[in-house]
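# Here is a sequence together with a model predicted from it:
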Amino acid sequence: MTTPTGNSAVVDPDRFGDPTLELVLSRRQVLAFLGAFGVVVPTASLITAIDGSVSKAHAQAAPGQPVPRLAVYTPNWPDMVELWRQLSKDWTALGIDLDVQQGTLDTFVSQIVAEQKLPHLGSMSWGGAPDRLDPDYFISEMFHSRRALKGGLNFGFYKNESFDKLADDQRQAMDLSERQSLVRRAQEVVVEDSPSLILYHRDIIHAYNKKRFKGMKPILGNGIGFPYMPLAYMDIEALTPRKVLRLTSIYDIASLNPFQTPEIYNSTTLRLIYATFVTRDEKAEVMPWALHSWNVVDKTTVDITLKPDTKFHDGKPATVEDVKFTFDFILKHKFPAMGRVTDAVESASIAGDNTVRLKLKQPSAPFVANVLGYAFLAPKHIWENIPANLATPADWPNDNPIGSGPWKLMEWRKGEYIQFAANKDFYMPAKLDGFIAAVVPQMESMVGMLERGDSDMLAWNLDMTLGARISQNPDLEVVRTPTHGQHEVRLNLTMPPCNNVAFRHALQHATDRKKILDIIFSGAGVVSHGAPITPALEAWASPNIKGYEPSIDKARASLSSAGFTWNAQGKLVMPS
Amino acid sequence: MGFLSYAGRRAVHTAVTLVLLLVFMFVLFRLIPGDPTTLLLGTGELTPEAQQRLRAQWGLDQSMLEQFITYGRNLLSGELGLSFYYRRPVTEVIAPMLVNTLMLMLPVVVLAIGLGIAIGTWLGWRRGERVEELGAVLVLVPRALPVFWTGIVFLSLFAYKLQWFPIGGIRETFFYPESWYQFIPYYDVLRHLVLPVATGVLASMADPLMIMRTSLIEVRDEEFMVLARARGLSTRSLQRLARRSAFLPVLTYSAIMVGFAFGGQVLLEVVFTWPGMGRLMVNSVTQRDYPVAQAAFFLMAAVVIVLNFAVDLVYGWLDPRIRYE
């Protein structure tokens, strides 16, 4: 950037003696850029700070020397900031000092995940996306050593061959009870190795107007209002003549093209229009949705049968041709957003009147839940006719989305709202006529709209304080639903003293999860026993895991047994 | 003749500034770590392998120079490119938000400058009186209050308690006409405009007002004013005369205000659920949506620069004392 010179009007100072004018003129070019600087500079300075702390943290803690201040990086959400305030206090009893840095989520992701620059510790929370109901995500994606690469979620560099084997085996175990036992053993290994302090599974708290609507269906990880599970909206019934529900959410979608984005809010919202092949019921068990049934023929062959008499929103019948086309189309274009399908499916062929045979690339236990629950039925007559001049069909705006799902799109006004009408031809038609999801970026406004009666459902995660206030209103009902999402503190296992398992056990003991959950979320949630899968998901949780009793004495004992000592100032000293 | 060569020189400078600005914006946003695919990665929705495919598809695996050449070539054919986040042409993404923002910010700017000039003249004229001291403080207080705070107070009072105005939004999202007057065109939007405009004006009025006041105080005792007074002009005529000479600095400042108006006011937009440029710009930076961020920031800066150019040109006409050499 240069400062243009000599371009201001030449002013005779004697005749025009206004110093303000000169000042404003010389300042204006700078002002023009301030907007851009205002956003970029704080981000850039934060990055420098993280880089600094990583290189500092890499300076090895030498044997017999005091443990260095542990560098922490956390997103700047209020609950995370409070978490570290508590931990900083509690861990002083072990003689540990923390150096906590906070920043925005995008900085966290680009540094910790994309660049794998976790300092000693970092905290993160993982939402209850539907595919995470299958244990594969919290086992393999987060802790398999294969995922300890740039962009992978094993950013604490956990490596344990026997764990990796369990994670691989459970992915291939087609027999449910065999898989359950492998998943449970894998979790037991994680709890023993403690690469992460998994803290709690915070409840989802939504609210609605019970004088106007009934039939809300709380589903694990979804609450009553998120669009992740299409079943949540199906039984909602109006108690007044208006049969269109108005809900508020912080998010908006970015695209109407279901092949374009894997972002969860966007992809699940579009799957209200485009029915997935299977979905989850209120017990979070897999049930057919666009499909009539499926049949696992052998480890790498799955037959899927379409529901007869299925129609698309434009009235055209959906056939086995559309099913085959959907998979061929995805495999041909290798949409990054459909990575799960392209990673799993080898080919699709017609195997009967209404049946398509899918050949898998490798045996995959989560296939039905995660691939058939994510892939959706796409109408061949529309997608084979889209303009050919696009770099990829994922770039097609698809302004008039035609699917076979329970809801038809009425209108999407970017940044304002998206409106749906019920598809009465769907095999299980919704009881409502439609619903509108309005984008409201501020929680206080959402609460105000619900209390004033401008909206009927608050479909965003409330905290208990706001929940308690809303409960005061006799028209409103607050609904708490458990989730399989979780909050965790990840440790960088390449960085001493975090590479010492006794040190990690000490942190487990020194972390009073219940106390922290009570303080931050007024106890609204399930305390973790340290396993990645919530005890609420009984099919996969391990009853053998009892967790680490919160006790500073046990924490100190664990440290002593590994040779850690304390100096005269009470600071922790590395084993010599 | 002097004017023409001055205008020509300024036009060249302005053009060079705009080109440099384009380059600057291009580089600036790419200096932030991460790229448009990063956020999806961290929320676990994209595997690292799929991310690589996406980066290749979107041309993000090319060097910055190669990307810049593509960008420049597109620009020359009048294309701002595709938004990474929305996968639509940038103009399609920005246009509706720009309309929303101008709907909100133009009334704010016009009212703030109009009131600023009127009240500033009034205060400046009463220089040294008790009312002037008090007035200056009264104007600066809302200027010092954070916009979001004033906005929330207004909302809780006028929207929540008294229920005179809606809680936010640009129009009735859930539109069910209940009275005949709701069919009056724009009645609905006007109702939604009142609180955010009032908040915006309160916050932004002080700057033009104080500039006007200072400038007027200086002009008030100039020789031509003494002469005018001696000729026995009425106070109203005197004020008008002083205002005309004093408002030039406000004009310069207005160019900047209008430019920033194109960028919206993100705090105002969040508090009042207004879907405008401010929120779009913040989102485009967090999403690393380079084309949208570049275009939006460029638009804002370009308006400031071009308006300044225009202001410089009309200065000589507005104020014959200025000479172009």
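It's in. Just so we're clear, the structure is a prediction, and the values are computed from it rather than from any experiment.

# Going by C-alpha atoms from here, please, whenever you check contacts or count neighbours.
Noted.

# ok, residue B:94 - contacts?
With contact set as C-alpha atoms under 8 Å, 6 or more residues apart in numbering or on different chains, residue B:94 has these partners: B:277, B:292, B:296.

# what about residue A:358, helix or strand, and which?
Using DSSP states H and E, residue A:358 maps to strand A:355-360.

# which other helices and strands contact that strand?
In terms of contacts (3 or more C-alpha pairs under 8 Å, 6 or more residues apart in numbering or on different chains; DSSP states H and E), strand A:355-360 is packed against strand A:301-306, helix A:320-333, strand A:345-350.

# Could you rerun that using 6 Å?
strand A:301-306, strand A:345-350 (3 or more C-alpha pairs under 6 Å, 6 or more residues apart in numbering or on different chains; DSSP states H and E).

# What pairs with it, parallel or antiparallel?
strand A:301-306 (antiparallel), strand A:345-350 (antiparallel) (DSSP bridges).

# Quick one: closest of the ones you listed to residue A:100.
Residue A:100 lies closest to strand A:345-350 among the strands paired with strand A:355-360, at 44.0 Å (C-alpha to C-alpha).

# Point out the residues in the stretch 201-325 of chain B that sit beside chain A.
Contact residues (C-alpha under 6 Å from any C-alpha of the partner chain) of the stretch 201-325 of chain B with chain A: B:249, B:270, B:273, B:275, B:301, B:322.

# So for chain A, which residue is the most central one in space?
residue A:127 (3.7 Å; C-alpha atoms, centre = their mean).

# Look up the closest residue to that one, ignoring the ones flanking it.
residue A:485 (4.5 Å; C-alpha to C-alpha, 6 or more residues apart in numbering or on different chains).

# quick one, what contacts residue B:192?
By C-alpha atoms under 6 Å, 6 or more residues apart in numbering or on different chains, the contact list for residue B:192 reads residue B:170.

# Wait, a strand at it?
No. Residue B:192: not assigned to a strand; according to DSSP: H, G, I helix; E, B strand; the rest coil it is helix.

# what's the spacing between it and residue A:391?
Between residue B:192 and residue A:391 the computed distance is 41 Å (C-alpha to C-alpha, to the nearest Å).

# what's the answer for residue A:269, then?
Applying C-alpha to C-alpha to residue A:269 and residue A:391 gives a distance of 25 Å.

# More neighbours: which of the two?
residue A:269 (21 against 10; other C-alpha atoms under 10 Å in any protein chain shown).

# Give me the pLDDT value at the more buried one.
pLDDT for residue A:269: 96.

# in what helix or strand does it lie?
helix A:264-270.

# ok, residues contacting that helix?
A:227-228, A:253.

# switch to 10 Å and redo it
Helix A:264-270 is contacted by residues A:127-131, A:226-230, A:251-262, A:271, A:274-276, A:337, A:374, A:376, A:401, A:403, A:405, A:407-409, A:418, B:40, B:43-45 when judged by C-alpha atoms under 10 Å, 6 or more residues apart in numbering or on different chains.

# need the next SSE after that helix, C-terminal direction.
Criterion used, DSSP H and E; the element after helix A:264-270 is strand A:278-280.

# mind listing what's buried in stretch B:64-81?
Using 16 or more other C-alpha atoms under 10 Å in any protein chain shown as the burial criterion, the residues of stretch B:64-81 that qualify are B:71-72, B:80-81.

# can you tell me which two in the residues you listed are farthest apart?
Taking C-alpha to C-alpha, the two most distant members of those are B:72 and B:81; they sit 10.0 Å apart.

# Could you list the domains of chain A?
A:47-54+A:61-202+A:484-573, A:205-252+A:414-481, A:257-402 (automatic domain parsing).

# is it possible to export the ones you listed to a markdown table including distance to residue B:224?
Converted to a markdown table, the domains of chain A look like this (distance: least, C-alpha to C-alpha, whole Å):
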| stretch | distance to residue B:224 |
| --- | --- |
| domain A:47-54+A:61-202+A:484-573 | 58 |
| domain A:205-252+A:414-481 | 55 |
| domain A:257-402 | 64 |
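
# And the ones you listed: which comes nearest residue B:312?
Of all those, it is domain A:205-252+A:414-481 that lies closest to residue B:312, at 37.6 Å by C-alpha to C-alpha.
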